[in-house]
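Asker: Structure, please.
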Amino acid sequence: RIDAWEETQLQNIRQHASYQKQLLNEEYANGCNDLKEQRQEFIETLFIHEAQKNTEQINRLIDCCKALQCELAPLIYNEQPTQFIHLTK
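Answerer: Sure thing, here's the model as predicted:
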């Protein structure tokens, strides 16, 4: 009986961890795609300003790139009650 309880608890934890890792991977992929799109927009804008010899706009674009930061998805730990088996003798 204890073995079954142990396996159930471990299985629940594994399933939860697997799901959270899947969500994190999806979040990472979405963030990468967003950054790739933004990079392409910056490159296109840079070419336009370069063709116009607009140094001021190029410098602004460079400043935007330097200020660009990505944050990792925040993780929180919330307490979950766990039922433990105890010997009642």
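Asker: give me phi/psi at Glu6?
Answerer: phi -60, psi -50 (degrees, to the nearest 10).
Asker: burial of it, as a residue count?
Answerer: Per other Cβ atoms under 10 Å, the neighbour tally for Glu6 reads 11. No exception for glycine: its C-beta is placed from N, CA and C like everyone else's.
Asker: Please apply the same query to Leu61.
Answerer: Neighbours of Leu61 (other Cβ under 10 Å): 19.
Asker: go on, the one 4 residues further on?
Answerer: Other residues near Cys65 come to 12 when the count uses other Cβ under 10 Å.
Asker: from now on call the first residue 144
Answerer: That works, and once the first residue is 144, the last one we named lands at Cys208.
Asker: low-scoring stretches of the chain, by residue?
Answerer: 214-215 (pLDDT under 70).
Asker: name the element Arg157 belongs to?
Answerer: Assigned by DSSP states H and E, Arg157 falls within helix 145-194.
Asker: now do Ala216
Answerer: Ala216 belongs to no helix or strand, assigned by DSSP H and E.
Asker: give me every residue that touches it.
Answerer: By Cβ atoms under 8 Å, 6 or more residues apart in numbering, Ala216 lies in contact with 166-167, 170-171.
Asker: just to revisit the earlier point, packing partners for the helix holding Arg157?
Answerer: Applying 3 or more Cβ pairs under 8 Å, 6 or more residues apart in numbering; DSSP states H and E, one finds that helix 145-194 contacts helix 198-210.
Asker: Just the buried residues of the helix it packs on, please?
Answerer: Buried positions in helix 198-210, judged by neighbour count with 16 or more other Cβ atoms under 10 Å: 201, 204.
Asker: Next, the angle helix 145-194 makes with that helix.
Answerer: Computed with axes from the mean of the first three to the mean of the last three Cα atoms, to 10 degrees, the direction of helix 198-210 lies at 170 degrees from that of helix 145-194.
Asker: Give me the residues contacting helix 198-210.
Answerer: By Cβ under 8 Å, 6+ apart, the list of residues contacting helix 198-210 from outside reads 185, 188-189, 192-193.
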